[in-house]
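Chemist: turn this into a structure:
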Amino acid sequence: MHELYKTTEKYENSTIPNSVNILNNNKMKKIDEKHIRDSTLNKADNEEMLFILRAQDISAPKTIIFWIAENIYNCSDDKLRGAFECALKMKTNAVRKSPD
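Modeler: Next up, the predicted model:
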């Protein structure tokens, strides 16, 4: 079992990770985020505006790198590393196009 899955919780009869940083297991997908109580998606208030970056958007990796630069002193190394790993995975997404 991957170390990020050591802390788990029961959710709708299945064991799910209780961690924001689950990128090492190729997560941060829409289907995974909506089932994790402490995910960024679920932390947002119902009235809060969200901006979604999709892996297919050609500007997504650069936008994440900019976010990392802006938050280099405000976030944990794990969170920054997770964001960087996400940008790298997005960069290699099979479908690449201008944003919808």
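
Chemist: mind giving me the packing neighbours of the longest helix seen in the chain?
Modeler: Criterion DSSP state H: the longest helix present in the chain is helix 77-91. With contacts taken as 3 or more C-beta pairs under 8 Å, 6 or more residues apart in numbering; DSSP states H and E, helix 77-91 sits against helix 60-70. Just so you know, the C-beta spots here come from the backbone N, C-alpha and C atoms, and that holds for glycine as well.

Chemist: show me how this protein divides into domains.
Modeler: Split into domains by automatic domain parsing, the chain comes to 1-49, 51-100.

Chemist: can you put those domains in JSON lines and add mean pLDDT?
Modeler: Below are those laid out as JSON lines (pLDDT from 0 to 100):
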{"stretch": "domain 1-49", "mean pLDDT": "59"}
{"stretch": "domain 51-100", "mean pLDDT": "92"}
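
Chemist: with mean neighbour count added, can I get those in TSV?
Modeler: Below are those laid out as TSV (neighbours: other C-beta atoms under 10 Å):
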stretch	mean neighbour count
domain 1-49	12
domain 51-100	13
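
Chemist: list the contacts of D100.
Modeler: The neighbourhood of D100, defined by C-beta atoms under 8 Å, 6 or more residues apart in numbering, consists of 54, 57.
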